[in-house]
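J.: here are the coordinates; sequence isn't available:
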Ligand code: SAM
């Protein structure tokens, strides 16, 4: 019987040990028969084994080779565990989902690559039903907040445009081994129905949001000077002297839709 080795800092290994938070994550996911659960970074199985016990089957994606055998052995007699030994950023979720229905992603993510994992999952939003992720609390606050708050920014708009984002609960450092230096939080993301998103040009949307928040103290007219004119901002129904942090997600969507419709000669970007 293999045993688990010491946590690997470079892989963001902070293992969840507090049973009450593990239970709350499993309750939040609330798996139902037929759900296709995929856990990112199962580690030593803190969330894996309770989920497997409840649901009977689970696919996990783990990069650390040393964790594969212990995970496999730990699953014996608990349920059907499929282990994908790979960097999650190389996993094609659309292919994994195939035509058997969308995936439900779960994970206490490695904090050093949490944003790339989020955006990777969003690229496959059509193959994902929902996501329950543990992240740094500071990141969850930025993801879930609305306009007018200090932390509202590019991450908030980019995620909320494509998903509904709900911060569920906070988790203190003492719930992990070793404890991280920061507070953590669990968030639920549910990809929106593509028909309701309204973004026809995702690259333009990304550019607008990036530039708008690039220098958040600037007015839209100045911050977006590489993308559009003040008159075009006004024609989209927005005030050119407003600042990005005052705009709703829907305002960014509307501005992008307006710019995308302009004839090429009138487009700055
Ligand atoms: N789920 C476990 C828990 O809650 O105790 C472990 C969480 S730990 C914060 C993050 C996990 O992600 C580790 O097991 C780590 O090895 C794994 N990991 C790190 N980078 C990864 C990557 N690129 N692809 C897949 N797994 C990765």
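T.: Structure's in. What do you need? Since the model is a prediction, treat every value here as computed from it, not as a measurement. Numbers count the residues shown, from 1 in each chain.
J.: show me the contacts for the closest residue to the ligand within the stretch 151-269 of the chain.
T.: Going by CB to the nearest ligand atom, the ligand is nearest to residue 176 of the stretch 151-269 of the chain, at 7.2 Å. Any C-beta I mention is one placed from the backbone N, CA and C, and that applies to glycine too. Neighbouring residues of residue 176 by CB atoms under 8 Å, 6 or more residues apart in numbering: 14, 15, 16, 17, 18, 184.
J.: repeat for residue 71
T.: By CB under 8 Å, 6+ apart, the neighbours of residue 71 are 42, 44, 45, 48, 60, 62, 81, 83.
J.: quick check: phi and psi on it?
T.: Note on residue 71: backbone dihedrals following degrees, to the nearest 10 are phi -70, psi -50.
J.: what parts of this structure come near the ligand?
T.: 11-16, 41-44, 46-47, 61-64, 87-89, 108, 110, 113 (CB under 6 Å from any ligand atom).
J.: and these, which of them are buried?
T.: Taking 16 or more other CB atoms under 10 Å as the criterion, what is buried in the residues of the chain next to the ligand is 12-16, 41-44, 46-47, 61-64, 88, 108, 110, 113.
J.: from those, which land in helices?
T.: With helices defined by DSSP state H, no entry of those lies inside them.
J.: so which of those residues belong to strands?
T.: Residues of these located in strands (DSSP state E): 15, 16, 61, 62, 108.
J.: quick one on the thing from earlier: output the contacts of residue 71 in a markdown table, with pLDDT appended to each entry.
T.: Output for the contacts of residue 71, formatted as a markdown table (pLDDT from 0 to 100):
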| residue | pLDDT |
| --- | --- |
| 42 | 98 |
| 44 | 96 |
| 45 | 97 |
| 48 | 98 |
| 60 | 98 |
| 62 | 98 |
| 81 | 98 |
| 83 | 98 |
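J.: any regions of this structure where pLDDT drops low?
T.: 1-4, 264, 267-269 (pLDDT under 70).
J.: what's the spacing between residue 138 and residue 248?
T.: 22 Å (CB to CB, to the nearest Å).
J.: could you do residue 94 as well?
T.: Going from residue 94 to residue 248 by CB to CB gives 30 Å.
J.: what about the helices in the stretch 101-250 of the chain?
T.: 114-123, 137-144, 154-162, 194-197, 202-214, 220-223, 230-235, 249-261 (DSSP state H, counting those that start in this stretch).
J.: which stretch among those helices comes nearest residue 31?
T.: Closest to residue 31 of those is helix 114-123 (CB to CB; 18.1 Å).
J.: please name every helix or strand in contact with the closest one.
T.: strand 128-136, helix 154-162, strand 184-191 (3 or more CB pairs under 8 Å, 6 or more residues apart in numbering; DSSP states H and E).
J.: go through that helix and flag the buried ones.
T.: Quick answer for helix 114-123 (16+ other CB under 10 Å): 114, 115, 117, 118, 120, 121, 122.
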